[in-house]
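**Q** quick one: sequence plus predicted model below, questions after.
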Amino acid sequence: MRVLLGTVLITLVPVMLMNLLVDPFAIYGVGIFPRTEVSGYDEKLTLLDEFEPKPECLIIGSSRTLAFDPDVVENLIGKRTFNFSGPGARAEIIYATLNIALDNSNSPIDTLIIGVDPESFHPTLPIQPEVVYIDDFARYFKYHDVGVMTLGERVRRLLSFEMTQESVGSIRKLIKERYGIRKMVVSGNGLATWVQRERDIADGTFDLQNRLDQRVRKYPERSLFLSSFTELSQVRIQYWEDLLEICRENNIRVYAFLPSTHPQLYDLYQSIGADEIIGEVSDYLESSIGEMGGVFRDYTSIDSFGGNPDDFYDEIHMRPQNCELLLRDLLGESEQDN
């Protein structure tokens, strides 16, 4: 038993120490390493605070809308725009983001562009962890229990796979940046540029098909968590309804859409029946947004807006060329009005 206990301690103590020192979610106040890219919410808060004049239009969504260019939107509808997308943005984060822009930054938002992942209404997926520890966001998670962490919870978090994965990511990111390798750069208007991938594409070393072959088959369970996605979360539906009510009260025009997938993933969805739950999300969004006079488009298939299957970074993240095509289709109604 002592040997077993010693083996466990030898294994776990270094992991706990790494997670404490790296502190990727800024829970423990140590953080000698830079926070990982999933923590870009902090950066977006700072950028929005510095963005002058304040935006009239806000782009909100997950990592799938990070590359949606605010300048393209401004050219189409004539409104100053900021991209406040962030990884894992589900209904509660979308709701919180709008409130932050209206309340904290006093932004005169009258137009909202929302990329709504199907996972936004998943019944069991937790809130993106690092956002829980940012007060500006956490105060708006009114239907979730996100109180102060107990000592036991803090210790358990040090042993979590999620934190360990992010700690390793922080260390790898630091090493890469020392060699001049940066995965992503965020501009003052919130636009994210996937600099390393674009560089690889330019020099011919980027292998999209290889990435698709490695990732597509895993996506339904790794990210969509399809086996537990049996219904839409009523809690997240309530956040969405509250978001739409804020938009009604403030006369905010809503453009919402289901983001696109690469055709290889789209075909897999069809073959395993994932399109059924995605269809439920699509029907709900069409109904809820239609009732308030907003615009909704289901862009799950790139054929719906004339996208190019070669202009993807992986199974769900599109390059700027496809992002612009989608925006032009989504905002075409407003473009014609101007």
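**A** Good, I have the coordinates.

**Q** in stretch 227-239, what's buried?
**A** Phe229, Leu232, Ser233, Arg236, Tyr239 (16 or more other CB atoms under 10 Å). (Each C-beta comes from the backbone N, C-alpha and C, glycine too.)

**Q** and whatever helix or strand Gly169 lives in, what does it pack onto?
**A** In this assignment (DSSP states H and E), Gly169 forms part of helix 161-178. Helices and strands touching helix 161-178, by 3 or more CB pairs under 8 Å, 6 or more residues apart in numbering; DSSP states H and E, are helix 2-22.

**Q** which ones are touching the spatially closest residue to Gly61 that is not a sequence neighbour?
**A** Of all residues not flanking Gly61 in the chain, Gly115 sits nearest, at 3.0 Å (CB to CB, 6 or more residues apart in numbering). By CB atoms under 8 Å, 6 or more residues apart in numbering, the residues touching Gly115 are Ile59, Ile60, Gly61, Ser62, Arg64, Thr65, Phe68, Ser85, Ala256, Phe257, Leu258, Pro259.

**Q** between those residues, which is nearest Gly294?
**A** Ala256 (6.5 Å; CB to CB).

**Q** what about the helix or strand harbouring that closest one, distance to the chain center?
**A** Counting by DSSP H and E, the element that carries Ala256 is strand 253-258. In terms of CA atoms, centre = their mean, to the nearest Å, the centre of strand 253-258 is set 15 Å apart from its chain centre.

**Q** mind checking which of the buried residues of stretch 227-239 land in helices?
**A** Arg236, Tyr239 (DSSP state H).

**Q** closest to Glu276 out of the buried residues of stretch 227-239?
**A** Nearest to Glu276 among these, counting by CB to CB, is Phe229 at 9.8 Å.

**Q** how close does the closest one get to Phe296?
**A** Distance from Phe229 to Phe296, counting by CB to CB, to the nearest Å: 20 Å.

**Q** how about Gly306, what does it touch?
**A** Counting by CB under 8 Å, 6+ apart, Gly306 makes contact with Leu325, Asp329.

**Q** how much space between it and Arg328?
**A** Distance of Gly306 to Arg328, given as CB to CB: 9 Å.

**Q** so what sits against both of the two?
**A** In contact with both Gly306 and Arg328: no residue, using CB under 8 Å, 6+ apart.

**Q** for stretch 311-319, the averaged confidence score.
**A** Across stretch 311-319, the average pLDDT comes to 98.

**Q** end-to-end on that stretch?
**A** Length of stretch 311-319, first residue to last, CA to CA, to the nearest Å: 5 Å.

**Q** other residues contacting it?
**A** The contact list for stretch 311-319 (CB under 8 Å, 6+ apart) reads 63-64, 66-67, 194, 197-198, 201, 208, 211-212, 215-216, 219, 223, 259-262, 264-265, 307, 321-322, 326.

**Q** check which residues of the helix holding Gly169 are buried.
**A** Buried residues in helix 161-178, counting neighbours by 16+ other CB under 10 Å, are found at Met163, Thr164, Glu166, Ser167, Gly169, Ser170, Ile171, Lys173.

**Q** kindly export it (C-alpha atoms) in CSV.
**A** Extracted in CSV, the C-alpha atoms of helix 161-178 (Å, rounded to 0.1, in the frame of the first residue of the first chain):
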residue,chain,number,x,y,z
PHE,A,161,-7.3,16.8,-17.1
GLU,A,162,-8.8,20.1,-18.4
MET,A,163,-6.4,22.2,-16.4
THR,A,164,-3.4,19.9,-17.2
GLN,A,165,-4.1,20.1,-20.9
GLU,A,166,-4.2,24.0,-20.7
SER,A,167,-1.1,24.1,-18.6
VAL,A,168,0.8,22.1,-21.2
GLY,A,169,-0.7,24.4,-23.9
SER,A,170,0.6,27.4,-22.1
ILE,A,171,4.1,26.0,-21.9
ARG,A,172,4.1,24.9,-25.6
LYS,A,173,2.8,28.4,-26.6
LEU,A,174,5.6,30.1,-24.7
ILE,A,175,8.3,27.9,-26.3
LYS,A,176,6.8,28.5,-29.8
GLU,A,177,6.7,32.3,-29.3
ARG,A,178,10.3,32.3,-28.3
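
**Q** Phe51 touches Asn189, doesn't it?
**A** Yes - Phe51 is in contact with Asn189 according to CB atoms under 8 Å; the separation is 6.7 Å.

**Q** next, show the common contact partners of the two.
**A** Common contacts of Phe51 and Asn189 (CB under 8 Å, 6+ apart): Phe82.

**Q** now do the contacts for His262.
**A** Contact analysis of His262 by CB under 8 Å, 6+ apart lists Leu212, Val216, Ile302, Pro309, Phe312, Asp314, Glu315, Ile316.

**Q** highest neighbour count among those?
**A** Phe312 (24 neighbours; other CB atoms under 10 Å).

**Q** dig out what that one forms beta bridges with.
**A** Note on Phe312: beta-bridge partners Met318, judged by DSSP bridges.

**Q** that one and His262, how far apart?
**A** Per CB to CB, Phe312 is found 5 Å from His262.

**Q** likewise for Ile252?
**A** Taking CB to CB, one finds Ile252 at 32 Å from His262.

**Q** how about the contacts of His262 in JSON lines, adding distance to Leu159 and secondary structure?
**A** Formatted as JSON lines, the contacts of His262 follow (distance: CB to CB, whole Å; DSSP: H, G, I helix; E, B strand; the rest coil):
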{"residue": "Leu212", "distance to Leu159": "34", "secondary structure": "helix"}
{"residue": "Val216", "distance to Leu159": "31", "secondary structure": "helix"}
{"residue": "Ile302", "distance to Leu159": "41", "secondary structure": "helix"}
{"residue": "Pro309", "distance to Leu159": "41", "secondary structure": "coil"}
{"residue": "Phe312", "distance to Leu159": "36", "secondary structure": "strand"}
{"residue": "Asp314", "distance to Leu159": "30", "secondary structure": "coil"}
{"residue": "Glu315", "distance to Leu159": "31", "secondary structure": "coil"}
{"residue": "Ile316", "distance to Leu159": "30", "secondary structure": "coil"}
